[in-house]
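>>> coords please:
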Amino acid sequence: MDKIRSAFGITETNEGDAFDRDLQETKKNERIAERERADEEKREAEIRREQRRIKDEKKKRKEAKREAKEEKRREKEERKRAEREKEEEEERKIRAEKEARRREKEEAASKREEERRQQERESLRERLTKERRVVEQRERVRKRDDDRTESDARNKDPKKRRNEDEVEPERRKKPYSEPESGKEGSVTDMSDSHKPR
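Numbering: from 1, shown residues only. Have a look, this model is predicted:
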């Protein structure tokens, strides 16, 4: 029955309660206390909501700060990596330049060595050519002197002139025969000075 009355908004009332000041004052105080209690709960709910909002904002700020710190760390690492790559690239360039200079020096040294050897070969060839010419010239001079000496000896010695027909075949076999020492008209070692060294 109480449920039905509550459903229809019918409250149990007693006649004369409206004229009871103490009762009305009590009900009034109860309503005021109820409103104050509702207001207090409302204020507490708002306080809780505000505290939750502040806490969420603080958490967001903390998360943003952490993300900013992480971003700075990534940027720092990226800068370090870029600087390291730049240094490595510079080191590679320096090594490449040093290697190129070393190869140039080796090529220049090899070229100088080849030129020096070529000059030595040219000098040796020229010296051999000069020596060959000197030897040939000395040989011609010696032969001419030998021929002149033999001619003078034949002109001075009639026996040799008579025996010329006998000596001629042998001379043809030995054109550069040395004259005997101690005889008249012989040439003693005059051609030694013209011999090649």
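>>> ok, longest helix in this structure?
Longest helix in the chain by number of residues (criterion: DSSP state H): helix 21-156.
>>> what packs against that helix?
helix 158-162 (3 or more CB pairs under 8 Å, 6 or more residues apart in numbering; DSSP states H and E). Every residue, glycine included, has its C-beta placed from N, CA and C.
>>> Averaged pLDDT, the helix it packs on. What do you get?
Per-residue pLDDT values over helix 158-162 give a mean of 53.
>>> can you start the count at 432 instead of 1 from here on
OK, 432 is where the count begins now, so the last one is helix 589-593.
>>> And residue 485, how far from residue 499?
21 Å (CB to CB, to the nearest Å).
>>> Then residue 481?
As defined by CB to CB, residue 481 lies at a distance of 26 Å from residue 499.
>>> Compute the number of surrounding residues for residue 453.
A count of nearby residues for residue 453, using other CB atoms under 10 Å, gives 7.
>>> For it, report the pLDDT, please.
Value listed for residue 453 in the pLDDT field: 79.
>>> And for the one 3 residues further on?
Residue 456 is assigned a predicted lDDT (pLDDT) of 83.
>>> Then the one 3 residues further on?
We have a pLDDT of 85 for residue 459.
>>> For stretch 565-573, list every residue counted as buried.
Within stretch 565-573, the residues scored as buried using 16 or more other CB atoms under 10 Å are 569, 573.
>>> Over it, what's the mean pLDDT, rounded is fine.
The model assigns stretch 565-573 a mean pLDDT of 90.
>>> Send me stretch 461-476 as PDB with only the CA atoms.
Output of stretch 461-476 as PDB, limited to C-alpha atoms (Å, rounded to 0.1, in the frame of the first residue of the first chain):
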ATOM      1  CA  GLU A 461      14.800  18.400   7.100                       C
ATOM      2  CA  ARG A 462      14.200  19.900   3.600                       C
ATOM      3  CA  ILE A 463      16.900  22.400   4.200                       C
ATOM      4  CA  ALA A 464      19.300  19.700   5.400                       C
ATOM      5  CA  GLU A 465      18.400  17.600   2.400                       C
ATOM      6  CA  ARG A 466      19.100  20.500   0.000                       C
ATOM      7  CA  GLU A 467      22.300  21.200   1.800                       C
ATOM      8  CA  ARG A 468      23.200  17.600   1.600                       C
ATOM      9  CA  ALA A 469      22.400  17.500  -2.100                       C
ATOM     10  CA  ASP A 470      24.300  20.700  -2.700                       C
ATOM     11  CA  GLU A 471      27.200  19.300  -0.700                       C
ATOM     12  CA  GLU A 472      27.200  16.100  -2.800                       C
ATOM     13  CA  LYS A 473      26.900  18.200  -5.900                       C
ATOM     14  CA  ARG A 474      29.900  20.300  -4.800                       C
ATOM     15  CA  GLU A 475      31.900  17.200  -3.900                       C
ATOM     16  CA  ALA A 476      31.100  15.700  -7.300                       C
END
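>>> for this structure, which spans come out with low pLDDT?
By pLDDT under 70, the weakly predicted segments of the chain are 432-451, 587-628.
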